[in-house]
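J.: Prediction below, plus the sequence it came from.
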Amino acid sequence: MSITAARREDIGRLETSINDAITWMEDKSTELQAMVDLVSSISRERREQMSRSASSSTRKNKMGETVSIDDTIQKYERMITELRTAIGNKRREADRLKNEKRDLEKYEDGI
């Protein structure tokens, strides 16, 4: 097997791995966005009531500190942004690999 053919196979495996990672990140982003949308659809008053109730229960059961619902929403929104950035990076990497693979094929055709 030639070096270029071996590299094309490597690129194929990398493309599969990248596509799997993109799919996972898109699924996770969609899941987080659904949670944010659901919680955001609840009135602020109701969210504060839920947060107070959870805080009270947590203190009562000595389970440590609680995080407010709004803080959790902000955390999820940051995670969504990070996932979208990572997806963009992976797509650029996949495009670079496709170009490299195409160049290798052209090179082999020219030999």
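T.: Sure thing, it's come through.

J.: can you pull out the helices in this structure?
T.: 3-40, 44-60, 69-110 (DSSP state H).

J.: worst average pLDDT in those helices?
T.: Note on these: lowest mean pLDDT is at helix 44-60, with a mean of 76.

J.: would a markdown table of the helices of the chain with mean neighbour count be doable?
T.: C-beta: built from backbone N, CA, C; applies to glycine. Shown next, in a markdown table, are these (neighbours: other Cβ atoms under 10 Å):
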| stretch | mean neighbour count |
| --- | --- |
| helix 3-40 | 13 |
| helix 44-60 | 12 |
| helix 69-110 | 13 |
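
J.: Any figure for the gap between the nearest residue to E100 once chain neighbours are set aside and L83?
T.: With sequence-adjacent residues excluded and distances taken as Cβ to Cβ, 6 or more residues apart in numbering, E100 is closest to I11, at 6.2 Å. From I11 over to L83 the distance is 24 Å, taken as Cβ to Cβ, to the nearest Å.

J.: Could you do D10 as well?
T.: The gap separating D10 from L83 is 26 Å, by Cβ to Cβ.

J.: Just the CA trace of stretch 75-82, in CSV.
T.: Taking Å, rounded to 0.1, in the frame of the first residue of the first chain, the C-alpha atoms of stretch 75-82 are listed here in CSV:
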residue,chain,number,x,y,z
LYS,A,75,-24.4,27.3,33.0
TYR,A,76,-26.3,25.3,30.4
GLU,A,77,-26.3,28.3,28.0
ARG,A,78,-22.5,28.5,28.3
MET,A,79,-22.2,24.8,27.7
ILE,A,80,-24.4,25.1,24.6
THR,A,81,-22.2,27.9,23.3
GLU,A,82,-19.0,25.9,24.0
